[in-house]
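**Student:** Provide a 3D model corresponding to the input given below.
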Amino acid sequence: MEKGMNFFLDRYKKLGQTVSRINLQPAIRINTLKISEAELISRLKKLGVKLEFIPFAKHGYYCASKFSLGAITEYLRGYFYLQEAAAQIPVQVLDPKSGETVLDCCASPGGKTTQIAQYMKNKGILIALEKKRHRMISLKTNLERCGVSNCVAYFMDANKVSSLNIEFDKILLDAPCSGNFITDQAWFNKRDLEGIRRAAEIQKSLIEKSLAVLKKGGILVYSTCSLEPEENELNMQWMLKNFKVKIEKINLKTGDTGLINVFNKKLNKSIANCVRFWPNKTNTEGFFIAKIKKL
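**Tutor:** Predicted coordinates:
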């Protein structure tokens, strides 16, 4: 059967990795829209919070405390966002700038949306889309808490983004995916290969719709928290065959290159420019990130 822990662990071995569960280190991203990095570090240390700079994440810190960081004044005032280390990287790769027009396709609860606004210094136009009404509450709350003032949030499926009649300089597609076993203890019991293939089809549709509203020369960052090649490298292979794009090199201090040999199937060599976070090597959740330029 194409499911279960042994099935997936064997797949990962065929992809070159022997993976195991790790204890994720809690992490925060300091929100420089509201406070300087130095000031917040000083405030948190006075409260007894232990901080360690994440070497590959701008404004990111591993943290340890004897109390809930989500219940302190500094959090409620939006001085920081509780955000896993690997999840901080897609926006860093996108590198949105002040004055640009930027799209966040699947925005709630708003971690990456608020991070985009931070990079943009609240200048320019940021559009955030969320297709589930109940998730809009978290998105709007976090935008307000973090002091974001350049964002318009729409209750909208990203597949319908063309109806906005806007062309974007940069797009983040942190796609809905099957997730990974590091952040979900029951993951192996929930997932099977057929479900992963269905997720990949949804992702392909979102890639197509995103590229349609991206300016020529614009950048699309595609990311998932999935380890499955169907949702990652194989989607990139499909994209390269069907659209005028190139995959640009991502320079990070951590992570592996994208796979270009998947279950004995050779892929386009440029897919090696992508980055894979294998939990057993990065001590983070699993992640895949691609930086795509529209030609």
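**Student:** average pLDDT across the longest strand along the chain?
**Tutor:** Counting residues, the longest strand in the chain under DSSP state E turns out to be strand 214-224. The pLDDT scores in strand 214-224 average 98.
**Student:** ok, and what's touching the next helix or strand after it?
**Tutor:** Sequence-wise, the next helix or strand downstream of strand 214-224 (DSSP states H and E) is helix 233-242. Helix 233-242 is touched from outside by 200, 203-204, 207-208, 211, 222, 245, 247, 258-260, 262, 267-268, 270-271, 274, 288, 290, 292, with contacts defined as Cβ atoms under 8 Å, 6 or more residues apart in numbering. Yep, even glycine has a C-beta here, placed from its N, CA and C like the rest.
**Student:** Now restrict those to buried residues only.
**Tutor:** Taking 16 or more other Cβ atoms under 10 Å as the criterion, what is buried in the contacts of helix 233-242 is 200, 203-204, 207, 211, 222, 245, 247, 258-260, 262, 267-268, 270-271, 274, 288, 290, 292.
**Student:** Run through the residues that contact the nearest residue to R133 once chain neighbours are set aside.
**Tutor:** Using Cβ to Cβ, 6 or more residues apart in numbering and skipping the chain neighbours, the partner closest in space to R133 is F155 (6.0 Å). Residues in contact with F155 (Cβ under 8 Å, 6+ apart) are E130, K131, R133, M136.
**Student:** Just the buried ones from the residues you listed, in PyMOL syntax?
**Tutor:** A single PyMOL command selects the buried members of those (16+ other Cβ under 10 Å):
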select buried, resi 130+131+136
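**Student:** nearest to K160, of the contacts of F155?
**Tutor:** Comparing the contacts of F155 against K160 with Cβ to Cβ places K131 closest, at 8.8 Å.
**Student:** show me what contacts that closest one?
**Tutor:** Shown in contact with K131 (Cβ under 8 Å, 6+ apart): C106, F155, M156, D157, A158.
**Student:** what's the closest of the contacts of F155 to H59?
**Tutor:** Closest approach to H59 among the contacts of F155 (Cβ to Cβ): E130, at 23.9 Å.
**Student:** which residues pair with that closest one across the strands?
**Tutor:** Residues in a beta bridge with E130, per DSSP bridges, are F155.
**Student:** re earlier: which residues are in contact with the longest strand of the chain?
**Tutor:** Residues contacting strand 214-224 (Cβ under 8 Å, 6+ apart): 89-91, 93-94, 167-175, 177, 203, 207, 210-211, 231-232, 235-236, 245, 248, 287-295.
**Student:** Just the CA coordinates for it, please, in PDB.
**Tutor:** Output in PDB follows, covering the C-alpha atoms of strand 214-224 (Å, rounded to 0.1, in the frame of the first residue of the first chain):
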ATOM      1  CA  LEU A 214       3.300  38.200 -12.700                       C
ATOM      2  CA  LYS A 215       5.100  40.900 -14.700                       C
ATOM      3  CA  LYS A 216       7.600  39.800 -17.200                       C
ATOM      4  CA  GLY A 217      10.900  39.700 -15.400                       C
ATOM      5  CA  GLY A 218       9.000  39.400 -12.100                       C
ATOM      6  CA  ILE A 219       9.800  36.900  -9.400                       C
ATOM      7  CA  LEU A 220       7.600  34.100  -8.000                       C
ATOM      8  CA  VAL A 221       8.700  32.200  -4.900                       C
ATOM      9  CA  TYR A 222       7.100  28.800  -4.600                       C
ATOM     10  CA  SER A 223       7.300  27.000  -1.300                       C
ATOM     11  CA  THR A 224       5.800  24.100   0.500                       C
END
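**Student:** quick one, it and helix 233-242 angle?
**Tutor:** Put simply, strand 214-224 runs at 160 degrees to helix 233-242, going by axes from the mean of the first three to the mean of the last three Cα atoms, to 10 degrees.
**Student:** Okay, now the unreliable bits of the stretch 1-150 of the chain?
**Tutor:** Along the stretch 1-150 of the chain, the parts satisfying pLDDT under 70 run over 1.
**Student:** Okay, helices next: where are they in this structure?
**Tutor:** For the chain, applying DSSP state H gives helices covering 5-14, 37-46, 73-76, 89-94, 111-120, 133-145, 187-190, 193-212, 233-242, 279-282.
**Student:** Dump these to CSV, plus distance to I28.
**Tutor:** Supplementary listing: the helices of the chain in CSV, determined by distance: least, Cβ to Cβ, whole Å:
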stretch, distance to I28
helix 5-14, 29
helix 37-46, 8
helix 73-76, 9
helix 89-94, 15
helix 111-120, 11
helix 133-145, 14
helix 187-190, 25
helix 193-212, 29
helix 233-242, 31
helix 279-282, 18
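**Student:** Pick the most buried one from the ones you listed.
**Tutor:** Across those, the average number of neighbours (mean count of other Cβ atoms under 10 Å) peaks for helix 111-120, which reaches a mean of 26.
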